[in-house]
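A.B. asks: I would like to see how this sequence folds:
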Amino acid sequence: MNRRLIFILAVFVGLAKPVSAQKPDSISLDLSIGPSSGSSSKSDYYQRGTAAAEFTMAFGPVHSTGRIFALTVGGNASYHSTDVCAIDEEHPGQCRDFFPSTVHLGLLGGLHLGGTRAALRAMGGPVVFSGGGVSGGGLQLQVDGTAGLEHVALLAALRGQALRRGTGETLYIRSLGLGIRLQ
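C.D. replies: Model prediction:
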């Protein structure tokens with residue numbers, strides 16, 4: 001797992017070299033928060049309500065079309081009361097576990113299409129995550145759009161993650177984020 005992560009980081013560093021030659025305004029910062037949902041390949045988690053938050057720092061064109069690379073940090077958390085118990089039908093008398101809260105760090109690459117006042121992005125790449133048990137790695141896909149002024153825009157983002165734990169369990173997390181982009 002660690003060798004694969006080092007290899008992936010080395011590939012992204014090699015691809016990022018052309019980005020360093022771009023003009024100084026080629027960085028954008030995104031912050032979004034919104035609802036999320038998740039499922040698992042092995043467990044039937046109870047999920048009353050979860051939220052996701054994401055911070056993304058992207059390198060690439062801001063007001064034109066081209067390749068983009070991003071560093072993303074985010075997570076999801078359950079907001080639930082401990083007084084709630086969803087009965088586990090397979091184990092009568094026991095409560096189902098809540099969907100695990102996780103945090104992740106990822107490197108994404110993709111395409112930015114846009115102009116001064118509106119833009120669309122599609123990105124994907126590897127992430128490492130921790131929380132709610134055994135850590136692991138996986139993939140994140142993200143599609144987002146912005147509309148607004150030249151340096152500040154409203155953001156809407158759809159994200160999907162497939163996170164594989166060291167135990168073999170795969171968590172699937174989907175989220176919708178609303179926020180702001182500074183460029």
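A.B. asks: correct me, but T65 touches L120?
C.D. replies: No - with contacts counted by Cβ atoms under 8 Å, T65 stays clear of L120, the gap being 9.7 Å. (Glycine included, C-beta is placed from N, CA and C.)
A.B. asks: joint contacts of these two?
C.D. replies: Counting by Cβ atoms under 8 Å, 6 or more residues apart in numbering, the contacts common to T65 and L120 are H112, L113, G114.
A.B. asks: helix, strand or coil for the second one?
C.D. replies: On the three-state scheme (DSSP: H, G, I helix; E, B strand; the rest coil), L113 is labelled strand.
A.B. asks: check contacts around it.
C.D. replies: Neighbours of L113 in contact, by Cβ under 8 Å, 6+ apart: T65, A119, L120, R121.
A.B. asks: one more pass at 6 Å, please.
C.D. replies: Contacts for L113 (Cβ atoms under 6 Å, 6 or more residues apart in numbering) come out as T65, L120.
A.B. asks: please, where are all the helices along the protein?
C.D. replies: Secondary structure of the chain (DSSP state H): helices located at 2-16.
A.B. asks: low-confidence stretches in it?
C.D. replies: When residues are selected by pLDDT under 70, those of the chain lie in 1-25, 46-48, 80-84, 86-89, 91.
A.B. asks: and with 80 instead?
C.D. replies: 1-25, 42-49, 78-98, 132 (pLDDT under 80).
A.B. asks: what is the neighbour count of the closest residue to V62 other than its chain neighbours?
C.D. replies: Excluding its sequence neighbours, the residue lying closest to V62 (Cβ to Cβ, 6 or more residues apart in numbering) is Q183, at 4.5 Å. The tally of other residues near Q183 (other Cβ atoms under 10 Å) stands at 22.
A.B. asks: and Q183, what is it in contact with?
C.D. replies: So Q183 contacts S28, V62, H151 (Cβ under 6 Å, 6+ apart).
A.B. asks: and for Y172?
C.D. replies: So Y172 contacts S39, A162 (Cβ under 6 Å, 6+ apart).
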